[in-house]
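> Structure, please.
(one chain, ligands or ions: 1)
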Amino acid sequence: MAISSETFRELFASFASTVTIVTAYADDAPSGATVTACSSVSAQPPLIMVALGRESRTLSQILRAGRFGVNVLADHQEAVARLFSQSTVNKFSRLDWILDGDVPCLPDSCGFVAARLSSELTVGDHVLIVGSIEKVSCTSQTPLLYHRRQFARCEQIGVKANASVA
Ligand SMILES: Cc1cc2nc3c(=O)[nH]c(=O)nc-3n(C[C@H](O)[C@H](O)[C@H](O)COP(=O)(O)O)c2cc1C
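Residues are numbered from 1 along each chain as shown. From the prediction side, this is the model:
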């Protein structure tokens, strides 16, 4: 049975996703994109995966640099998510950032990963990038979510932020 693109989009719009900024530093310049297609892959060894559209400028810079960063946005960073979803080249001139583990890090974020590119796989119109995690930092801030095509705070979709797991 053929799946309509409307059904496909509805299914994934129902996911409540963490919002990340995936970054790279190549040719003396930072690049970055808003990404929800990000997941852990393996604990031993620690691996992380992101899916980037084939046309993404950040993707080409990751392939050049052989490294990438993942910044998990906190719920006060919706403007950052909107900024990095644009295709302009000078996104980093509008906010504070540092190089950490040779990749751009946004210091106000909820969490940060620096990874070395370990494999890539072109799948349809996206490229899956798998990275070996070399550095991690996390804070107790509450993450920004994306749900039903809108940015949302945990409370707005009924998630109790920072609840402990039994
Ligand atoms: C909430 C949200 C989630 C997104 N998730 C992804 C994603 O998982 N992968 C992707 O390639 N683009 C995603 N995008 C689109 C990119 O952020 C957008 O195409 C951006 O312009 C890419 O920038 P670049 O070409 O500088 O890399 C998302 C955009 C938004 C607003």
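> Only C-alpha atoms from now on, for both contacts and neighbour counts.
Noted.
> Tell me where the model's unsure across the chain.
The chain contains residues with pLDDT under 70 at 162-166.
> Parallel or antiparallel, which strands does the strand or helix carrying Glu134 pair with?
Using DSSP states H and E, Glu134 sits in strand 126-138. Pairing partners of strand 126-138, with direction, according to DSSP bridges: strand 47-53 (antiparallel), strand 111-123 (antiparallel).
> and among those strands, the most buried is which?
strand 47-53 (a mean of 21; mean count of other CA atoms under 10 Å).
> How far off centre is that one?
Chain-centre distance of strand 47-53: 8 Å, with CA atoms, centre = their mean, to the nearest Å.
> hmm, that strand touching the ligand?
Yes: contact of strand 47-53 with the ligand (CA under 6 Å from any ligand atom) involves Ala51, Leu52, Gly53.
> Surely the second one is in contact with Val123?
What that stands for is Leu52. No: under the criterion of CA atoms under 8 Å, Leu52 makes no contact with Val123, lying 10.0 Å away.
> Tell me which stretches of the protein form strands.
Ranges of strands within the chain are 17-18, 20-26, 29-35, 38-42, 47-53, 67-72, 98-100, 103-105, 111-123, 126-138, 145-147, 150-152, based on DSSP state E.
> For Leu11, which of these is the nearest?
Closest to Leu11 of the strands of the chain, according to CA to CA: strand 145-147, at 11.0 Å.
> Name the nearest residue to Phe68, ignoring sequence neighbours.
Spatial nearest neighbour of Phe68, chain neighbours left out: Ala24 (4.9 Å); criterion: CA to CA, 6 or more residues apart in numbering.
> My understanding was that Gly32 contacts Val22; is that so?
Yes: Gly32 lies in contact with Val22 (CA under 8 Å); the separation is 5.4 Å.
> Please enumerate the shared neighbours of the two.
Common neighbours of Gly32 and Val22, counting by CA atoms under 8 Å, 6 or more residues apart in numbering, are Thr58.
> returning to that earlier point: so which of the strands of the chain gets nearest Glu6?
Closest approach to Glu6 among the strands of the chain is made by strand 145-147 (16.1 Å; CA to CA).
> Each with direction, which strands does the closest one pair with?
In the sheet, strand 145-147 lines up against strand 17-18 (antiparallel), strand 150-152 (antiparallel) (DSSP bridges).
> Good, wrapping up.
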